[in-house]
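Asker: My questions are about this predicted structure, shown below with the sequence.
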Amino acid sequence: MTIDRRAMLAGAAGMAATSLLPGVARAAAPDDRKWVIVNALGGLADPNIQDAADPFSPRVLAEAHASGVTAINCTLGYVAGPAEPFEKSVADVAEMDMLLRRYPRDLVKILSAADIRRAKAEKKIGIIYGFQNGAMMGKDAGRVDIFANMGVRIFQLTYNPANQLGDGSMAPGNRGLTPFGREVIERLNAQKMIVDLSHSGEKTCLEAARASKAPISINHTGCRAVTDLPRNKTDAELRLVAEKGGFVGIYFMPFLNISGHARAEDVVAHIDHAVNICGEDHVGIGTDGTVGQIDDLQAYEAVLAKEIAERRAAGISAAGERPDTYPFVVDLRGPDQFRKLIGLLSARGYSSGRIEKIMGLNFLRHAEGVWGG
């Protein structure tokens, strides 16, 4: 199964931390136990085990439950590489279905917003099927129907390079949405699938937001006005998505700081900016990682260096990612990452209601608007 290795392996890393960040202990953090927490782009995996046949080990499931996450948009399908995109994507979805049947007490497939609420009520972790590259469409927009019927609910148009739908954030031409991309969006709207503009070039994002009849999302990004890197979105993109009723998820990635060494304060700064541009009803989190702990950081660094080299060789890396930068926020990781962020936002003066929106209710509202209840 091709769950995006960067989201599930590199971004999966986190070491458990039991102490709160400076200033957080003095803040009265809201009680999040009853909250819906949605990671709009993440994964489930053990970063200490490479190429595990079954990614959902007892440890992985225990850490996910401990994190308090309600639902995760997990990347399936083709992202890059030599595999035939359509065949690989079908196989990935089928394999995830098999894995969810294996763990019915812990995991549930999310097909509707009501399923997210049910996952919370039943103390399960909801798995949302999402794609991060539209290459599996080939030249046939009708394939959207196939994947909708298989339960895919989020469709990201491009990865970093260009594809037949439009330009990614690292494509030099910034050519925008192609005619075929418009056709695919129309089909996605008809199937009530979320159109995700993460990784897209600016012109592609703006044109897609205007072309879509339903609100669109940028599930994992940062703010270009705060950190000027291509993977972050401009104020024009953020504002248009919000004006169209959509959703913006802030990630926990090196692109949040120009040095590549992002910290929790950077996450808060990007959330602050997104809220100022989009309003508090349109901002959430999409960490681009999971909540697993790393047992041997040096061993992980060696794996990461190899991963970055492979991404560069394949032409899919983004400006700001290097072997010396972790694909996670150094002091906001592990199973406590969501509670830490809640504490930081509370210390920043955010109300409990605003924080609850950011942690999950805004995504839930977006899902209800596109998928239905």
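Answerer: Alright, I've got the coordinates. Residues are numbered from 1 along each chain as shown.
Asker: what about the strands in the stretch 201-350 of the chain?
Answerer: Under the criterion DSSP state E, counting those that start in this stretch, the stretch 201-350 of the chain carries strands at the ranges 217-221, 247-250, 283-285.
Asker: Would you mind putting these into JSON lines with distance to Cys205 and mean pLDDT alongside?
Answerer: C-beta here means a position set from N, CA and C on the backbone, and glycine is covered the same way. JSON lines is the format used below for the strands of the stretch 201-350 of the chain (distance: least, CB to CB, whole Å; pLDDT from 0 to 100):
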{"stretch": "strand 217-221", "distance to Cys205": "7", "mean pLDDT": "98"}
{"stretch": "strand 247-250", "distance to Cys205": "11", "mean pLDDT": "98"}
{"stretch": "strand 283-285", "distance to Cys205": "16", "mean pLDDT": "98"}
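Asker: I'd assumed Gly245 was in contact with Pro215.
Answerer: Yes. With contact defined as CB atoms under 8 Å, Pro215 and Gly245 form a contacting pair (3.8 Å).
Asker: These two: which is more packed in?
Answerer: Between Pro215 and Gly245, counting by other CB atoms under 10 Å, Pro215 is the more crowded of the two (20 against 15).
Asker: And that one, its phi and psi?
Answerer: According to degrees, to the nearest 10, the main-chain angles of Pro215 amount to phi -60, psi 140.
Asker: quick one: low-confidence parts of this protein?
Answerer: 1-32 (pLDDT under 70).
Asker: show me the contacts for the residue positioned nearest the centre of it.
Answerer: What sits nearest the mean C-alpha location of the chain, by CA atoms, centre = their mean, is Leu41, with 1.7 Å. Under the criterion of CB atoms under 8 Å, 6 or more residues apart in numbering, the contact list for Leu41 reads 7, 73, 75, 130, 198, 219-220, 249, 251, 286-288.
Asker: that's a helix at it, yeah?
Answerer: No. Read with DSSP: H, G, I helix; E, B strand; the rest coil, Leu41 is strand and lies in no helix.
Asker: quick one: stretch 185-199 to chain centroid distance?
Answerer: The gap between the average C-alpha position of stretch 185-199 and the chain average comes to 15 Å, counting by CA atoms, centre = their mean, to the nearest Å.
Asker: how about it as CSV, C-alpha atoms only?
Answerer: The C-alpha coordinates for stretch 185-199 follow below in CSV (Å, rounded to 0.1, in the frame of the first residue of the first chain):
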residue,chain,number,x,y,z
ILE,A,185,-13.4,19.1,-10.6
GLU,A,186,-16.8,19.0,-12.1
ARG,A,187,-16.9,15.3,-11.6
LEU,A,188,-15.6,15.6,-8.1
ASN,A,189,-18.4,18.0,-7.3
ALA,A,190,-20.9,15.7,-8.7
GLN,A,191,-19.6,12.9,-6.5
LYS,A,192,-19.5,15.1,-3.4
MET,A,193,-15.7,14.6,-2.9
ILE,A,194,-13.6,17.3,-1.3
VAL,A,195,-11.3,19.1,-3.8
ASP,A,196,-7.9,19.6,-2.0
LEU,A,197,-5.5,22.3,-3.4
SER,A,198,-2.6,21.5,-1.1
HIS,A,199,0.7,21.4,-3.1
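Asker: That stretch: which residues count as buried?
Answerer: Within stretch 185-199, the residues that qualify as buried are 185, 187-189, 191, 193-199, counting by 16 or more other CB atoms under 10 Å.
Asker: Now the residues you listed in a markdown table, please, with extra columns for distance to Leu100.
Answerer: Compiled in a markdown table, those are given as follows (distance: CB to CB, whole Å):
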| residue | distance to Leu100 |
| --- | --- |
| Ile185 | 28 |
| Arg187 | 26 |
| Leu188 | 23 |
| Asn189 | 27 |
| Gln191 | 21 |
| Met193 | 19 |
| Ile194 | 20 |
| Val195 | 24 |
| Asp196 | 21 |
| Leu197 | 27 |
| Ser198 | 24 |
| His199 | 26 |
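Asker: ok, of these, which one's closest to Leu256?
Answerer: Taking CB to CB as the measure, Ser198 is the one of the buried residues of stretch 185-199 closest to Leu256, at 14.4 Å.
Asker: check contacts around the closest one.
Answerer: The neighbourhood of Ser198, defined by CB under 8 Å, 6+ apart, consists of 41, 132, 156, 217-221, 249, 286.
Asker: Secondary structure class of it, three-state.
Answerer: What three-state DSSP gives for Ser198 is coil.
Asker: what's next to stretch 158-165, contact-wise?
Answerer: When contacts are taken as CB under 8 Å, 6+ apart, the neighbours of stretch 158-165 outside the stretch itself are 79-80, 132-135, 137-139, 157, 166-171, 173, 175, 177-178, 180-181, 184, 199-201, 204, 231, 315-318.
Asker: Now with 7 Å, please.
Answerer: Residues from elsewhere that reach stretch 158-165, judged by CB atoms under 7 Å, 6 or more residues apart in numbering: 79-80, 132-135, 137, 157, 166-171, 178, 180-181, 184, 199-200, 204, 315-316, 318.
Asker: Next: stretch 178-191.
Answerer: 134, 137, 141, 144-145, 148, 155, 157, 164-166, 195, 208, 211-214.
Asker: and if we set it to 8 Å?
Answerer: Counting by CB under 8 Å, 6+ apart, the neighbours of stretch 178-191 from elsewhere in the structure are 134, 137, 139, 141-142, 144-145, 148, 155, 157, 164-166, 177, 194-195, 204, 208, 211-214.
Asker: What about those residues, which are in helices?
Answerer: Those of those mapping onto helices are 144-145, 148, 204, 208, 211, per DSSP state H.
Asker: what's the farthest-apart pair in those residues?
Answerer: Put simply, by CB to CB the two of those set farthest apart are Asp145 and Thr204, 22.9 Å from each other.
Asker: quick one on the thing from earlier: could you redo the contacts of Ser198 as a markdown table and give each row distance to Asp51?
Answerer: Listed next are those as a markdown table, based on distance: CB to CB, whole Å:
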| residue | distance to Asp51 |
| --- | --- |
| Leu41 | 21 |
| Gln132 | 19 |
| Gln156 | 24 |
| Ser217 | 30 |
| Ile218 | 30 |
| Asn219 | 26 |
| His220 | 24 |
| Thr221 | 29 |
| Gly249 | 28 |
| Gly286 | 25 |
